[in-house]
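> Dropping a prediction and its sequence here:
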Amino acid sequence: MSGLDDLYREIILDHYRTPRNRGELDPPAVRVEGFNPLCGDEIVVYLAVTDGVVTDIKLTGQGCSISQASSSLMSAAVKGKSVDEARAVIGTFKDLMMGPSATEPTPSELRKLGELAALAGVVKFPVRIKCATLAWNTLTQALDETSN
Amino acid sequence: MSGLDDLYREIILDHYRTPRNRGELDPPAVRVEGFNPLCGDEIVVYLAVTDGVVTDIKLTGQGCSISQASSSLMSAAVKGKSVDEARAVIGTFKDLMMGPSATEPTPSELRKLGELAALAGVVKFPVRIKCATLAWNTLTQALDETSN
Amino acid sequence: MSTFDPRLVRGDIAQLKRVVNGYPLTYLDSGATSLPPRAVVEAMDRYYALHHANVHRGVYQTAAEATALYEDARSAVARFLNAPGGASEIIFTKNCTESFNLLARSWGAANLTAGDVVLLTEMEHHANIVPWFQLRDAIGIEVRFIGVTDDFRLDLTNLDELLRGVKLVSVTAMSNVLGTINPIRELADAAHAVGALLAVDGAQSVAHSPTDLVAMDCDFLAFSAHKMLGPTGIGVFWGRQALLDAMPPFLGGGGMIGDVSVNGFTSAPVPARFEAGTPPIAEAVGLGAAVRYLEGLSMAHVAAHEAHLTADALTRLNDRFDGRVRIIGPSTVDRRGGVISFDIEGVHPHDISQVLDQHGVCVRPGHHCAKPLMKRFGLNATARASFGPYSLTSDTDALLDALDDAMTMFGA
Amino acid sequence: MSTFDPRLVRGDIAQLKRVVNGYPLTYLDSGATSLPPRAVVEAMDRYYALHHANVHRGVYQTAAEATALYEDARSAVARFLNAPGGASEIIFTKNCTESFNLLARSWGAANLTAGDVVLLTEMEHHANIVPWFQLRDAIGIEVRFIGVTDDFRLDLTNLDELLRGVKLVSVTAMSNVLGTINPIRELADAAHAVGALLAVDGAQSVAHSPTDLVAMDCDFLAFSAHKMLGPTGIGVFWGRQALLDAMPPFLGGGGMIGDVSVNGFTSAPVPARFEAGTPPIAEAVGLGAAVRYLEGLSMAHVAAHEAHLTADALTRLNDRFDGRVRIIGPSTVDRRGGVISFDIEGVHPHDISQVLDQHGVCVRPGHHCAKPLMKRFGLNATARASFGPYSLTSDTDALLDALDDAMTMFGA
Ligand SMILES: Cc1ncc(COP(=O)(O)O)c(C=O)c1O
Ligand SMILES: Cc1ncc(COP(=O)(O)O)c(C=O)c1O
């Protein structure tokens, strides 16, 4: 079961069982829905940006442990960050999901990842990568909408 | 080459090279076109029926030796016959094309077939059966139209 | 005489000899696709090695052989279904989904106009929903749904009302999520009584119980080869001869024409009219072999075997997990087949499937292309185990042990 | 480094070991379908034996393997074509014919209105004609044809005039009857200059010469696997990413949706949007293997080899029969490929093919699904010999001897 332990690290199960930042935000916060049409996972990201800073983020939706933990970890990682920093975190996370064949994260990037590094095990389970990235793609969309 | 000799009997090559009853008839003779969409063979049957008798039949069209010979043999076999007799010949010919697995033609039927018996070899070449039957299907249609 | 023995069937399936993650493969996803026996793959190999040629237009020996093999497959399918009009009613498509698109765009577009109603059910697969929405968006028909009761049956209490204005009822013979087997003959009679036709989605039924089109009295049937021990890349569309004869072509191209000029085209007779382009020839040969294989097993025996497996699995899931594994579907084998969807509080179907994979157990998580049904029951996904003729109760043993592990892991 | 040797290729083709009517099989019908090498059939066998599962929705090991193999095939095809946007521009259909139907009904129906012109050529295959007539009958577009000259070339003298009002030019890269290779880049430039798009029928070109979509600069490409050493049951549709992204779905069903409810559906991104239902998975694996096999031979070598065979055959047909065998197509290998149609006065193509079969020689008689072209030249049918990478000049020897016999028999 060593493979599975890599996927279901304790941090992930914790974020799955106790997701952070659940809930909704009222407008003017933007609301963006994300779907994984293949498996039915759904996520709704509510994003409040003021003066270039992610002042609040809330999430609703349903999905597997990976998609839920990933979204929870994401919300914790970007809340309070500047939009530029948030985009940088998205970039670092995406690199992580490209696996060891892509550019290895540098120590400083790994530090930036913090708890997110727990998601590194997903790379060994290619079909689950889509579960992990759903929230992040939805966040990108939400950031794009706030800057329109 | 024994197989081929069975297909290309002398009578068939003769009717192919010197087709009988080529030409057209003016109305009130009926005119019916037949196509073999798979191979492009075409035939046009002109049929004159008076008082229940096939008084004249003419043919135009293009096709392989089997389709041309079969139509020529057909025209010779039904010209001057009553419509009922013509339909009977069609039936006998169709039985012939069903091959030895169907009811064997009786001696009296074989006699009725006359020269048509030369087409019996076609049965061994299933893809050519459609070539041989095109004219006959077109004749059936023409007979149906004259009785309308 | 059938000598049906699931262990012999199992011996014919190469993939079931695989070891995955240290466990022998436990394949419980026949509802998604089935594992072909050696005879099916070998028939296709033999076809490519000896007879492959394009069909219908060739005079030479191998072209004649390929054509004969292709048409033999058509006859085999007609016999397997007891098609009232024989082989010329059998049309080869690429899958069950294309068959429904053919129905909607050929029969549907020619016979329906704005306001006409097509009646589906809430338990349909997207293959029998989306083409009708597409037709609705194109010509303004109405798409209506028969509901599903809390005990996973079609709600036929208001059928008379639902049938008002209906020209076609299109229903799955067996739900690919619930396992529910629908009353096809009853629906055929009800549809015909109001002058409507009945189309049946046979994707989940043809490989699991005998099909008799005469007894069913439906008007159209669609299914895929890959769910009945056959290859991918081929499906079947059956219709009554008179209906097919009156239908305009669907896809245009070679083989379906009568004549073509720079001014237009005419179309060929059925079935050629609906088989544009080079057909799935090797796949038809494989499907023919699958049909013969199933006939050799006898579909009645297959159905009995799968009913036994299903009853056993339902009982044991309930006994062992004491209600923590909730079955999404009828709880007994009365009018239900060997597709078992379930839900475990606190463990998402994806995670169930992931942990089960670690035990070599293959089950499918997701919406199973039946999102309206998922919405009906407030679910996003289920995990689904489904049987085939090669399944054994030992597969259920493996499933139960693996489920135990998943529930422990997630504390459910 | 390619080590291309047609005799080695021949050794890979099981069917070429057959003896028919006492003669070794002489296969000269690669234009209709090609004979797959062992590597292609074995790749599919291996797929069924080890990895078969439904793609895209499974979490377990074999489902992940099947999905990876299916997507690998997409990447292999993208590489083979030098597709500018990579794998996501590759859509798997059931054959070249479905690809053209997809183009006409998705792009065509969404982008054309009454009076818009689609410009074809008189040498098109029905697959690239009938779908446009169907669209014309549905929405009133005009279908126009570029003529063919007496020396079997596109008549481009009045191209400017023909292009008036044209939104799409759709042209075969190589005629399946004449062997003529058309000037694709020139047509792309001409089409683009008037704001039209260019679609290319690659059915006869992709297996016989290198394909470089960037150099061709066309906008759509359609072809079938079975003509390029691959299996039946799968075709390819390629389009520029931006064009595909803007196109509505064609067939509806599972896999192509974003969401479905009882009220309607939304569609998935490309390429999934155009792949409704269970795709031809094993066939994609076979196509991937065929692509790798062809890459191993190197398409440049294949093209050179077939040019050599064609030049030799054209010369020898002329020399031996002294004009009694009339070539329907260009008389030299300048811009022409290895498809040789011919006409013999006094011997119908069916009879030619029948007598040749007696010598084990496979050639195809008929209109080759190009009836407008047949009509252009006042023909009902031709006999057609066509080469593949496994063909040898000894095949031409057999052809010539058999033709001699046919002409003697019919006194021609
Ligand atoms: C030029 C051309 N286009 C299209 C096709 C159609 O291919 P398919 O029958 O595989 O759909 C063919 C082959 O028959 C062809 O030669
Ligand atoms: C009930 C039902 N209908 C239709 C389909 C569609 O079959 P295919 O994907 O082979 O077209 C399926 C399988 O996915 C099914 O289970």
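Yes, it's here. Ligands and ions are numbered 1, 2, ... in the order given.

> tell me what whatever helix or strand residue C:200 lives in is packed against?
Here residue C:200 sits within strand C:197-201, counting by DSSP states H and E. Helices and strands touching strand C:197-201, by 3 or more C-beta pairs under 8 Å, 6 or more residues apart in numbering or on different chains; DSSP states H and E, are helix C:96-102, strand C:166-172, helix C:184-193, strand C:220-224. From N, CA and C alone the C-beta is placed, and that goes for glycine too.

> same thing but 10 Å
helix C:96-102, strand C:117-121, strand C:166-172, helix C:184-193, helix C:213-216, strand C:220-224, strand C:235-239 (3 or more C-beta pairs under 10 Å, 6 or more residues apart in numbering or on different chains; DSSP states H and E).

> That strand close to ligand 2?
Yes - against ligand 2, strand C:197-201 shows contacts by C-beta under 6 Å from any ligand atom at residue C:201.

> re the thing from before, to chain A, which of the helices and strands packed on strand C:197-201 lies closest?
Closest approach to chain A among the helices and strands packed on strand C:197-201 (C-beta to the nearest C-beta): helix C:96-102, 15.4 Å.

> List the buried residues of the lengthiest helix in chain A.
Assignment by DSSP state H gives helix A:126-146 as the longest helix of chain A. Within helix A:126-146, the residues scored as buried using 16 or more other C-beta atoms under 10 Å in any protein chain shown are A:127-140, A:142-143, A:146.

> Just list the residues touching the closest residue to residue C:14 other than its chain neighbours, thanks.
Of all residues not flanking residue C:14 in the chain, residue D:49 sits nearest, at 3.8 Å (C-beta to C-beta, 6 or more residues apart in numbering or on different chains). Residue D:49 sits next to C:13-15, C:17-18, C:35-36, C:38, C:41, D:42 when contact means C-beta atoms under 10 Å, 6 or more residues apart in numbering or on different chains.

> Which one (most neighbours) among those?
Highest neighbour count within the contacts of residue D:49, by other C-beta atoms under 10 Å in any protein chain shown: residue C:36, with 30 neighbours.

> Got phi/psi on that residue?
Note on residue C:36: its backbone torsions stand at phi -70, psi 140 [degrees, to the nearest 10].

> What's the separation between it and residue C:45?
12 Å (C-beta to C-beta, to the nearest Å).

> What is the neighbour count of the residue nearest to residue A:85 when sequence neighbours are not counted?
The shortest distance from residue A:85 to any non-neighbouring residue, by C-beta to C-beta, 6+ apart, is to residue A:78 (7.7 Å). Residue A:78 has 23 neighbouring residues, counting by other C-beta under 10 Å.

> so who does residue A:78 touch?
Residues near residue A:78 by C-beta under 10 Å, 6+ apart: A:21, A:47, A:54, A:57, A:85-90, A:136, A:139, A:143.

> Next step: those residues restricted to strands.
A:47, A:54, A:57 (DSSP state E).

> does chain D sit close to stretch A:57-71?
Yes - using C-beta under 10 Å from any C-beta of the partner chain, we find that stretch A:57-71 touches chain D at residue A:64.

> And that stretch, end to end?
One end of stretch A:57-71 to the other measures 11 Å (C-alpha to C-alpha, to the nearest Å).

> Buried residues, it. List them.
Neighbour-count burial for stretch A:57-71 [16+ other C-beta under 10 Å]: A:57-61, A:63-71.

> Sounds good, over and out.
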